[in-house]
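coords below, sequence missing:
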């Protein structure tokens, strides 16, 4: 594996999941590949067809994306859930990541490469635009 690639490995005896990043690795007899579950909106935003810099202001509706791709069959073949989820944070952007195990969040400012651990998820923020809401 390259420095910016990795896999999720689960120990079947203890149930502990860890990320193996940037090294050659041979799984033991009590280990298996673990698939990370990601929400549909996160998969859509991480898809390779989107340009993170040019499409930054676009709002993505995952229901419309599914209809366009005929029930998302192509996306399922491309996305490998056992590989470490990586995202290149563009310049002048930020990404918030929440760790469920330690119950802490971190913010990464671009340009930087973010690699999710097995207990981490992206925090999706939906900011309102247009008219402000009245109290």
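Great, that's in hand. Since the structure is predicted, the reported quantities are computational estimates derived from the model, not experimental observations.

Just name the shakiest helix or strand of this protein by mean pLDDT.
None of the helices or strands of the chain scores lower by mean pLDDT, DSSP states H and E than helix 73-78, at a mean of 52.

Tell me where this structure has strands.
6-11, 17-21, 31-33, 86-89, 94-99, 104-109, 112-115, 120-122 (DSSP state E).

could I get those as a markdown table with distance to residue 39?
C-beta: built from backbone N, CA, C; applies to glycine. What follows is the strands of the chain, written out as a markdown table (distance: least, C-beta to C-beta, whole Å):
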| stretch | distance to residue 39 |
| --- | --- |
| strand 6-11 | 17 |
| strand 17-21 | 18 |
| strand 31-33 | 21 |
| strand 86-89 | 14 |
| strand 94-99 | 12 |
| strand 104-109 | 16 |
| strand 112-115 | 16 |
| strand 120-122 | 8 |
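
do you know which of the ones you listed lies nearest residue 43?
Among those, the nearest to residue 43 by C-beta to C-beta is strand 120-122 (10.4 Å).

List the buried residues in the closest one.
120, 121, 122 (16 or more other C-beta atoms under 10 Å).

just stretch 15-31 next, same as before
In terms of neighbour count (16+ other C-beta under 10 Å), stretch 15-31 has its buried residues at 18, 19, 20, 21, 31.

ok, residues contacting it?
Residues from elsewhere that reach stretch 15-31, judged by C-beta atoms under 8 Å, 6 or more residues apart in numbering: 1-13, 33-34, 84, 115-119.

Among these, the buried ones, what's the PyMOL command?
Of the contacts of stretch 15-31, the buried ones go into a single PyMOL selection, burial set by 16+ other C-beta under 10 Å:
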select buried, resi 6+7+8+9+10+34+84+115+116+117+118
